[in-house]
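Chemist: sequence-free structure coming up:
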């Protein structure tokens, strides 16, 4: 049975640098650490690849490894991000990467979304085998 979860997050560190010499579109790689509170409690590291437009908007993809507890289950969970940044807010669709999780979270599957504007919130709908 799917479980609906929600949490807030706080960005703890952000290390971003270009990975291509051309300026338009600017292509960067960012390694970001976050802490979570709520139905999702723990920390994560995300690596995003971003393409910026001239006006500062961006499109990004990434992988996030969460470590902690989700709905009372402990372990690690890997999420795939596909998103965009515009008008001061980052939004992404999230998908659990099957086979990349561990502990009691090892059998998790599902999807969700996050928003950072600059407060951070995330929602996930997960199923466990």
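Modeler: Great, that's in hand. Not measured: the values here are computed from a predicted model. Numbering: from 1, shown residues only.
Chemist: what about the strands in the chain?
Modeler: All strands of the chain, identified by DSSP state E, fall at 3-18, 26-38, 40-52, 58-70, 73-86, 89-96, 102-103, 108-116, 120-128.
Chemist: quick one: contacts for residue 110?
Modeler: Counting by C-beta atoms under 8 Å, 6 or more residues apart in numbering, residue 110 makes contact with 2, 95-96, 124-127. The way it works is simple: take the backbone N, C-alpha and C, and place the C-beta from them, glycine included.
Chemist: switch the cut-off to 10 Å
Modeler: Residues near residue 110 by C-beta atoms under 10 Å, 6 or more residues apart in numbering: 2-5, 77, 79, 94-96, 98, 124-128.
Chemist: would you turn the strands of the chain into CSV with mean pLDDT?
Modeler: Shown next, in CSV, are the strands of the chain (pLDDT from 0 to 100):
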stretch, mean pLDDT
strand 3-18, 92
strand 26-38, 95
strand 40-52, 96
strand 58-70, 96
strand 73-86, 96
strand 89-96, 93
strand 102-103, 96
strand 108-116, 91
strand 120-128, 84
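Chemist: one step back: which two of the contacts of residue 110 have the greatest separation?
Modeler: Greatest spacing in the contacts of residue 110, by C-beta to C-beta: 4 and 98 (19.8 Å).
Chemist: still on that earlier bit, quickly name whichever of the contacts of residue 110 is closest to residue 33.
Modeler: residue 79 (14.3 Å).
Chemist: so that closest one makes contact with residue 98?
Modeler: No - contact criterion C-beta atoms under 10 Å: residue 79 and residue 98 do not qualify, at 11.5 Å.
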